[in-house]
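>>> Give me a model of this one.
(4 chains)
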Number of protein chains: 2
Amino acid sequence: MGTRERRQREFEARERLFLETARRLIRDDGILSLQMARLARACDYATGTLYQHFSSKEDLLVALATRRLQEHADYFCQVADWQAGSRERMFALTVADFRFARKHPGFSRLLQYTFTEVVWESASEDRRAALQRALQPPAKAVRDIVQQAIEAGDLPSHGQDAGALMLGPWGLCAGIQSMIQTRGLLDGLGISEPGRQLYRHAQFLLNGLGWQPLMDPVDDDALSALVKRIEREVLAVERRIRAAEAQEMQR
Amino acid sequence: MGTRERRQREFEARERLFLETARRLIRDDGILSLQMARLARACDYATGTLYQHFSSKEDLLVALATRRLQEHADYFCQVADWQAGSRERMFALTVADFRFARKHPGFSRLLQYTFTEVVWESASEDRRAALQRALQPPAKAVRDIVQQAIEAGDLPSHGQDAGALMLGPWGLCAGIQSMIQTRGLLDGLGISEPGRQLYRHAQFLLNGLGWQPLMDPVDDDALSALVKRIEREVLAVERRIRAAEAQEMQR
DNA sequence: TTCAATGTTTGAATACAATTCAAAAATTGG
DNA sequence: CCAATTTTTGAATTGTATTCAAACATTGAA
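So this is what the prediction gives:
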């Protein structure tokens, strides 16, 4: 008797409904104006029901970030599987991350907000753990690229493990993206074309790590060509995901 | 008749009182439990008076971040004046930033929170502009180091201006620090000693930029010695600042 | 089928702070 | 000294997150 399982499935479906609706509300009106009561109403449930799923608003935000991160992660993992040299694939992650942020600006802001003490510490331990779990596949994808690069002789290990080596490219990307997010910040510092700068510095760092083949980050033509090539591939991946999503919708 | 000026001075003094008290309250109880009414009471003023200074709680947080940034900036500018090679000075900024974050963990979290859409966009235009102004001196200090390095032949300009070149080291530092801030995040990814990793990757990036003299970031002894040396100098600067502050207190 | 026990949903009530604003107090200038 | 003006006050207002007692639904034993 699958009553318990059915219940469980229904509960999960309702949670997805809440999260998807929250996402839509945030996309339309911003994080600032998300209200628990409105969200519940928009899903035709009472406020209290929402609290069966999420212990607080912050808890919901972390859950939302986790869900979006999973999509981001799929995207990421597929980029990592791209048939190309290890350095190109590593760089492609930076491009993918940047483009994802461009395409879903709300998500990047939500993630930035999520990792803030105020939100992170107000969420439940379970939600934090779930987000950490969602972080594992993309982290593994990156680590694998690093590992393969070491094994192929493209990257000297420097006596470090793959996790340590990936922190730099990841941190660089996250840091610059976060600056880009903050309206007016880079303009105020007189820095233009931040996306281009991100790409350049990612290449500078890979050069510094001795990741072969070295590339001249200020050879704009070569860099643009590479980004274009990656975008073609990334777009293809995106289309595949979108198709898979559409199929799931139909079910 | 200096009545107006006196008023002005008193108003500014009161604002400082509010900000210093807010800082203390946040240090003791965290950002989460800062309450406008409590803060006003702690300063022996009515809630309404607080709103003469700050248009909202977020406005106050941005003002607070600005004030702390100014201290950070002094620290920074003095590090930049340190008598040493351009590369050592550039790296010293990373060390200074990391140590400042260690010493004032609340500040780093506040800054992270400040640049979040939720806070940044809720603050008044004036406060945002003030924060941007406070960012100019440290930005100039960094730019100057880059500029001097180019002029001294330590760093190829790559046809880029100093602002563009500093974005990488700055972003790397900000990104990794932000990850360190989020409790459990790096542990969950199996990354240990993140401070050490930050230093290493900063060096990798400087190497990638071709900033002379190149250094081996995984020569732990050399790196530790350099950090120790910088800490000695940085500590000296800190003491000088602390002395200046004490003097100001007496006035 | 019936019914007590158990679990779930509801939304009005509660709680909590941020923000406002009318009245009181202080200051100014004539 | 006083009327006009500015500043301060803190209780009232407002907006929302969160709770919880009552209503409703489900289950499984008799």
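>>> show me where the stretch 51-200 of chain A has helices.
In the stretch 51-200 of chain A, the helices defined using DSSP state H, counting those that start in this stretch lie at A:57-81, A:86-103, A:105-114, A:117-120, A:125-151, A:162-181, A:185-188, A:194-208.
>>> Of those helices, which is nearest B:A123?
The closest of those to B:A123 is helix A:185-188. By C-beta to C-beta, the value is 13.0 Å. For the C-beta atoms, the positions are set from N, CA and C on the backbone; glycine is no exception.
>>> tell me, what residue is most central in chain A?
A:H72 (4.3 Å; C-alpha atoms, centre = their mean).
>>> pLDDT value on the closest residue to A:E117 other than its chain neighbours, please?
The spatially closest residue to A:E117, leaving aside those adjacent along the chain, is B:R109, at 4.5 Å (C-beta to C-beta, 6 or more residues apart in numbering or on different chains). Per-residue pLDDT puts B:R109 at 94.
>>> re the thing from before, so which of the helices of the stretch 51-200 of chain A comes closest to A:R27?
Evaluated with C-beta to C-beta, the helices of the stretch 51-200 of chain A place helix A:105-114 nearest to A:R27, the distance being 5.5 Å.
>>> quick one, that closest one and helix A:125-151 angle?
Inter-element angle recorded for helix A:105-114 and helix A:125-151: 110 degrees (by axes from the mean of the first three to the mean of the last three C-alpha atoms, to 10 degrees).
>>> Verify the stated contact: A:D154 with A:L214.
No - assessed by C-beta atoms under 8 Å, A:D154 is found out of contact with A:L214, at 10.4 Å.
>>> okay, those two: which has more neighbours?
Between A:D154 and A:L214, A:D154 has the larger neighbour count (other C-beta atoms under 10 Å in any protein chain shown), namely 18 against 13.
>>> OK, contacts around that one?
Applying C-beta atoms under 8 Å, 6 or more residues apart in numbering or on different chains, we find A:D154 in contact with A:G85, A:S86, A:R87, A:W211, A:Q212, A:P213.
>>> Tell me how far the first one lies from A:L206.
As for A:G85, its distance to A:L206 is 11 Å (criterion: C-beta to C-beta, to the nearest Å).
>>> which of the two has more neighbours?
Legend: neighbour count by other C-beta under 10 Å for A:G85 and A:L206, higher for A:L206 (27 against 16).
>>> Output the below-cut-off pLDDT ranges for the stretch 151-251 of chain A.
A:235, A:237-242, A:248-251 (pLDDT under 70).
>>> So what's the residue count around the residue of it found nearest DNA strand C?
Nearest residue of the stretch 151-251 of chain A to DNA strand C: A:R183, at 19.2 Å (C-beta to the nearest atom of the strand). By other C-beta under 10 Å, the residues close to A:R183 number 13.
>>> Can you give me every residue that contacts the spatially closest residue to it that is not a sequence neighbour?
Once flanking residues are discounted, A:R183 sits nearest to B:W120: 6.9 Å by C-beta to C-beta, 6+ apart. Shown in contact with B:W120 (C-beta under 8 Å, 6+ apart): A:T182, A:R183, B:V62, B:T114, B:R128.
>>> what does A:V62 give?
By C-beta under 8 Å, 6+ apart, the contact list for A:V62 reads A:T114, A:V119, A:W120, A:A123, A:R127, A:R128, A:A130, A:L131.
>>> do you know how far the residue nearest to the fifth one when sequence neighbours are not counted is from A:A42?
Which is A:R127. With sequence-adjacent residues excluded and distances taken as C-beta to C-beta, 6+ apart, A:R127 is closest to A:V62, at 4.3 Å. Counting by C-beta to C-beta, the gap from A:V62 to A:A42 is 20 Å.
>>> Likewise for A:L167?
Distance of A:L167 to A:A42, given as C-beta to C-beta: 40 Å.
>>> Check A:R23 too.
On the measure of C-beta to C-beta, A:R23 and A:A42 end up 11 Å apart.
>>> So for the two, which sits in the more crowded spot?
Comparing A:R23 with A:A42 by neighbour count (other C-beta under 10 Å), the higher total belongs to A:R23, at 18 against 15.
>>> So which bits of the helix or strand harbouring the more buried one are buried?
Secondary structure assignment for A:R23, by DSSP states H and E: helix A:3-29. Residues A:R14, A:E15, A:F18, A:L19, A:T21, A:A22, A:R23, A:L25, A:I26 are the ones in helix A:3-29 that count as buried (16 or more other C-beta atoms under 10 Å in any protein chain shown).
>>> Next, the contact list for the last one, please.
Right, A:I26. A:L34, A:L64, A:G106, A:L110.
>>> can you check the first one too?
Residues touching A:R14, when contacts are defined by C-beta under 8 Å, 6+ apart, comprise A:C43, A:Y45, A:T49, A:H53.
>>> Endpoint to endpoint, stretch A:200-217 covers what distance?
Start-to-end span of stretch A:200-217 (C-alpha to C-alpha, to the nearest Å) is 5 Å.
>>> can you list contacts of that stretch?
Contacts of stretch A:200-217 (C-beta under 8 Å, 6+ apart): A:85-87, A:90-91, A:94, A:149, A:153-156, A:158, A:165, A:168-169, A:172-173, A:176, A:199, A:218, A:222-223, A:226, B:158, B:160, B:164, B:167-168, B:171-172, B:201, B:203-209.
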